[in-house]
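> Give me a 3D structure for the following:
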Amino acid sequence: MARMTKTEREAFLRQRLIEMQGYENELKAKGYRFIAGVDEVGRGPLAGPVVTAAVVLPDNFDILGIDDSKKLTEKKREALFDVILDKAVCYGIGIKDNSVIDRVNILQATKLAMAEAIENADRMLREKTGESIEFVLFDAMKIDAVEKPQMSLIKGDSKSLSIAAASIVAKVTRDRMMVEYDKVYPYYGFSSNKGYGTKAHYEGLQKHGTTPIHRESFLGSFYNK
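Below you'll find the predicted structure:
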């Protein structure tokens, strides 16, 4: 496949932006104004928290390149992170650490973190406008405890602009946390593996045991009782 020119690339990204606004535009046509996209990162690692984000984007949001955070380079995610927080109508972060994950399981911890992110975004919106989030778009999730109209989209971070924006915010937030944890616990490669089960991570566990941020319920025989 021939490499796209700069003009072709921009045209592709602009069309992608239009496509990813489809769900939000359909909801706005039904009268919903403040639509939050919600996503998570960190369900699979052996260490660290699960982090979620909720983002409400403005009607005139036209920044190109927003997509599922896993499809973007670290440099691109970092650049878009700042733009999203600057342009968003409101946003919120939800974090549940390893102790919560071990106590209630990763799925329930994720739902708690998502509810927290929505609550924090809702608070910001009320402070700015006096309004509340009216509809929530989730990536492959439904949370009955969130008493708002909602929709679950499989692979939503590739289909919805606001979910994709949330995936970037959650990913960059968690990655930065894991880089800081690497300074405290330097034997596990957290700055590069972000807590996932890489060779370096397992070697660190074998040589140094677990840390206070490891998930006991994920470690099996590696956890030092």
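> got the contact list for the host helix or strand of residue 219?
Assessed by DSSP states H and E, residue 219 sits inside helix 216-219. Contacts with helix 216-219, where a contact means CB atoms under 8 Å, 6 or more residues apart in numbering, come from 45-46, 98, 101-102, 105-106, 205, 210, 223. Quick note: C-beta positions are derived from backbone N, CA and C, even for glycine.
> List the buried residues for that helix?
216, 218-219 (16 or more other CB atoms under 10 Å).
> Next: stretch 74-84.
For stretch 74-84, by 16+ other CB under 10 Å, it's 77, 79-81, 84.
> Break down the protein into its strands, ranges please.
Here the chain has its strands, by DSSP state E, at 35-41, 50-56, 90-96, 135-139, 150-153.
> possible to save those as CSV with distance to residue 26 and mean pLDDT?
Shown next, in CSV, are the strands of the chain (distance: least, CB to CB, whole Å; pLDDT from 0 to 100):
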stretch, distance to residue 26, mean pLDDT
strand 35-41, 10, 97
strand 50-56, 16, 98
strand 90-96, 21, 98
strand 135-139, 11, 96
strand 150-153, 10, 96
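> Out of the buried residues of stretch 74-84, which is nearest to residue 134?
Residue 134 has its nearest neighbour among these in residue 84, at 19.9 Å by CB to CB.
> Comparing the strands of the chain, which stretch has the densest surroundings?
Mean neighbours per residue, mean count of other CB atoms under 10 Å, is largest over those for strand 50-56, with a mean of 31.
> Dump it to CSV, keeping only the CA atoms.
Provided in CSV are the C-alpha atoms of strand 50-56 (Å, rounded to 0.1, in the frame of the first residue of the first chain):
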residue,chain,number,x,y,z
VAL,A,50,-7.3,0.5,37.2
VAL,A,51,-7.9,4.0,35.9
THR,A,52,-11.0,5.3,34.1
ALA,A,53,-11.9,8.6,32.5
ALA,A,54,-15.2,10.3,31.6
VAL,A,55,-15.1,13.0,28.9
VAL,A,56,-17.7,15.4,27.5
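> Show me what it pairs with in its sheet, parallel or antiparallel.
Here strand 50-56 is paired, per DSSP bridges, with strand 35-41 (antiparallel), strand 90-96 (antiparallel).
> just to revisit the earlier point, I'd like the buried residues of stretch 74-84 as a markdown table, with distance to residue 64 and pLDDT appended.
Compiled in a markdown table, those are given as follows (distance: CB to CB, whole Å; pLDDT from 0 to 100):
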| residue | distance to residue 64 | pLDDT |
| --- | --- | --- |
| 77 | 14 | 97 |
| 79 | 11 | 96 |
| 80 | 10 | 97 |
| 81 | 15 | 98 |
| 84 | 13 | 98 |
